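Engineer: Sharing a model that was predicted from the sequence below.
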Amino acid sequence: MQLHKPDVVDAAAAILDNYGIADLSMRRLARELNVSPGALYWHFANKQELLGAVADHILRPAVIDVAGLNWRHAIQDICAALRDALLSHTDGAELVSASFAAGQSETVTDIVAQLAAAAADAGARNDDADSTARTLLYYVLGFTVDEQSRRQWDAAGALSDEQSVLMSDTDRQFAFGLRLLIDGLAAHEGATAP
């Protein structure tokens, strides 16, 4: 059987979903695919490159069309789609964060560009628009890493009711934090658009 790159990415995403990022190794992936570990290096030069491809796989649903939306709604919709995509995979936020830091995900770069365009529409200058986009990305990644970690601790029964994600309204908390960032951008840039 010939091994194809999309098959490798799908198998890696399945390992991530079933076992988490700590168990996503090249050796385990090779075992799941019934190939030698060396066969994987035909498609990916190293594990970081593989994780970047898995990050792109996770993020594909987060690349949405925001044409025609005002900048506030564009930011809200992009960030909500990003969070949803990250939450759809075990340790998705942690994996995407690591891939972004290593410069291995093309899709996260596209999402940053979308956020930067929305920030520019709010009146931010080029460098500020990029910084705004990264700040929004860091917020979504950080919030979602925390949310996913607490869900895992909840599943293990290790959190009190006060700490539990299941007992809190994370959607409201996420929206509140995002609104603070958007309102801060509007105040900083003197944006008047709704």
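Structural biologist: Structure received.
Engineer: When you work out contacts or count neighbours from here on, use the C-alpha atoms and nothing else.
Structural biologist: Fine.
Engineer: Quick check: next helix or strand after the longest helix along the chain?
Structural biologist: For the chain, the helix with the greatest residue count under DSSP state H is helix 126-155. Elements were assigned by DSSP states H and E; along the chain past helix 126-155, the next helix or strand is helix 170-189.
Engineer: Report the buried residues of that next one.
Structural biologist: Neighbour counts using 16 or more other CA atoms under 10 Å place 174, 178, 181-182, 185-186, 189 of helix 170-189 among the buried residues.
Engineer: Adding pLDDT and distance to residue 103, write those out as JSON lines.
Structural biologist: Formatted as JSON lines, the entries for the buried residues of helix 170-189 read as follows, by pLDDT from 0 to 100; distance: CA to CA, whole Å:
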{"residue": "174", "pLDDT": "96", "distance to residue 103": "26"}
{"residue": "178", "pLDDT": "97", "distance to residue 103": "25"}
{"residue": "181", "pLDDT": "96", "distance to residue 103": "25"}
{"residue": "182", "pLDDT": "96", "distance to residue 103": "26"}
{"residue": "185", "pLDDT": "93", "distance to residue 103": "26"}
{"residue": "186", "pLDDT": "90", "distance to residue 103": "29"}
{"residue": "189", "pLDDT": "67", "distance to residue 103": "29"}
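Engineer: Go through those and say which is closest to residue 107.
Structural biologist: Proximity of the buried residues of helix 170-189 to residue 107, judged by CA to CA, is greatest for residue 178, which lies at 21.1 Å.
Engineer: got the contact list for the closest one?
Structural biologist: For residue 178, the set of contacting residues under the criterion of CA atoms under 8 Å, 6 or more residues apart in numbering consists of 76, 136, 139.
Engineer: burial measure for the last one, as a count.
Structural biologist: What it means is residue 139. Residue 139 is flanked by 17 other residues according to other CA atoms under 10 Å.
Engineer: who's in contact with it?
Structural biologist: Listed by CA under 8 Å, 6+ apart, the contact partners of residue 139 are residue 178.
Engineer: which parts of stretch 70-90 are buried?
Structural biologist: 71-72, 74-87, 89-90.
Engineer: re the thing from before, what's the offset of the longest helix of the chain from the middle of its chain?
Structural biologist: When distances are taken as CA atoms, centre = their mean, to the nearest Å, helix 126-155 is centred 8 Å away from the chain's centroid.
Engineer: Also stretch 86-106?
Structural biologist: Stretch 86-106 has its average C-alpha position 5 Å from the chain's average C-alpha position, going by CA atoms, centre = their mean.
Engineer: picking up where we left off before, reformat the contacts of residue 178 as JSON lines; add distance to residue 120 and pLDDT.
Structural biologist: Formatted as JSON lines, the entries for those read as follows, by distance: CA to CA, whole Å; pLDDT from 0 to 100:
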{"residue": "76", "distance to residue 120": "15", "pLDDT": "98"}
{"residue": "136", "distance to residue 120": "14", "pLDDT": "98"}
{"residue": "139", "distance to residue 120": "19", "pLDDT": "98"}
